[in-house]
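Student: My questions concern the predicted model and sequence given below.
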Amino acid sequence: MGQLWSNEVRCSKDEADKTAWRISDSDNVDQIIVVHHQINNNSSEEVDTELTALTIACLQHDVKLVKKLIQKGADVHLVPRGVRRFTETDNCGPPIYCAATHNDVEIIKLLIDAGVDINRFQGFNQFTYLPKSPDKRAIIGPYRRDDFPFATYSFLGHEMFLKVVEQYLNAGVKLNTTSWGPCLFLG
């Protein structure tokens, strides 16, 4: 469908899910949603975060919405710009990354079945110090509550993380042919 950066919808963090559902009924399911929110509960700093209905659905574990958006042709590779801070606006991943950071195997399966290229996303900046690492990026990273405070977070543990890795492997992720490598799966 294509993305219209200039045709964005604005909402508060409390309205993110309702806005995503409303967009799922439109003809442009890849429309940008700009969510206005505080950085975290301990800060008065407010930011805007650019997302799509599909990334919001993945962040909030809304399986029904993910299915609807995929059925309506949502771009499973679309990477919204993320948090607008200073000049940094490239701190978000595609829907598969959002689902993986939450150990959401069910949504990962839906995205893989919808044709997501598991090797397309070349990673997200890490917060882990790796001495002499040629690249500090990972395709599955830690959950970042500061960037997405409205996301549904679950403590599913290492067992679910291993199932996420299994889904990636079954989908043909090429761990040994990229500079980020398997060591960065844990972020």
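Tutor: Cool, the structure landed. Because the structure is predicted, anything quoted here is derived from the model rather than measured.

Student: Helices of this structure, start to end?
Tutor: 16-24, 53-59, 63-71, 95-101, 105-113, 157-170 (DSSP state H).

Student: Phe161 is in contact with Val105, isn't it?
Tutor: No. Using C-beta atoms under 8 Å, Phe161 makes no contact with Val105, being 9.6 Å away. To be clear about C-beta, it is placed using only N, CA and C from the backbone, and glycine gets the same treatment.

Student: Strands of the protein, start to end?
Tutor: Using DSSP state E, the strands of the chain run over 9-12, 32-38, 46-52, 82-84, 124-125, 137-138.

Student: where among these is the average confidence lowest?
Tutor: Between the strands of the chain, the one with the least mean pLDDT is strand 137-138; it has a mean of 48.

Student: So what's the residue count around the spatially closest residue to Val79 that is not a sequence neighbour?
Tutor: If the residues on either side of it in the chain are set aside, Val79 comes closest to Pro94, at 4.8 Å by C-beta to C-beta, 6 or more residues apart in numbering. Neighbourhood size, Pro94 [other C-beta atoms under 10 Å]: 25.

Student: do Ile107 as well
Tutor: By other C-beta under 10 Å, 25 other residues sit near Ile107.

Student: so it touches Tyr97, yeah?
Tutor: No. Using C-beta under 8 Å, Ile107 is not in contact with Tyr97; the gap is 11.3 Å.

Student: which residues does Ala20 contact?
Tutor: For Ala20, the contacting residues are 33, 53, 56-57, 62, 65, by C-beta atoms under 8 Å, 6 or more residues apart in numbering.

Student: Next one: it from Gly172, what distance?
Tutor: Counting by C-beta to C-beta, to the nearest Å, the gap from Ala20 to Gly172 is 29 Å.

Student: next one: Leu78
Tutor: Note on Leu78: its distance to Gly172, by C-beta to C-beta, is 21 Å.

Student: and the two? which has more neighbours close in?
Tutor: Neighbour totals were compared for Leu78 and Gly172, and Leu78 leads with 17 against 10 (other C-beta under 10 Å).

Student: if I pick that one, what's in contact with it?
Tutor: Neighbours of Leu78 in contact, by C-beta under 8 Å, 6+ apart: 3, 30, 52, 54-55, 94-95.

Student: Least confident of those?
Tutor: Among these, Gln3 carries the lowest pLDDT, at 48.

Student: which one of the contacts of Ala20 is nearest Val47?
Tutor: Closest approach to Val47 among these (C-beta to C-beta): Ile33, at 14.0 Å.

Student: For Thr55, see how far away the closest one is.
Tutor: For Ile33, the distance to Thr55 - C-beta to C-beta - is 9 Å.

Student: Okay then, goodbye and thanks.
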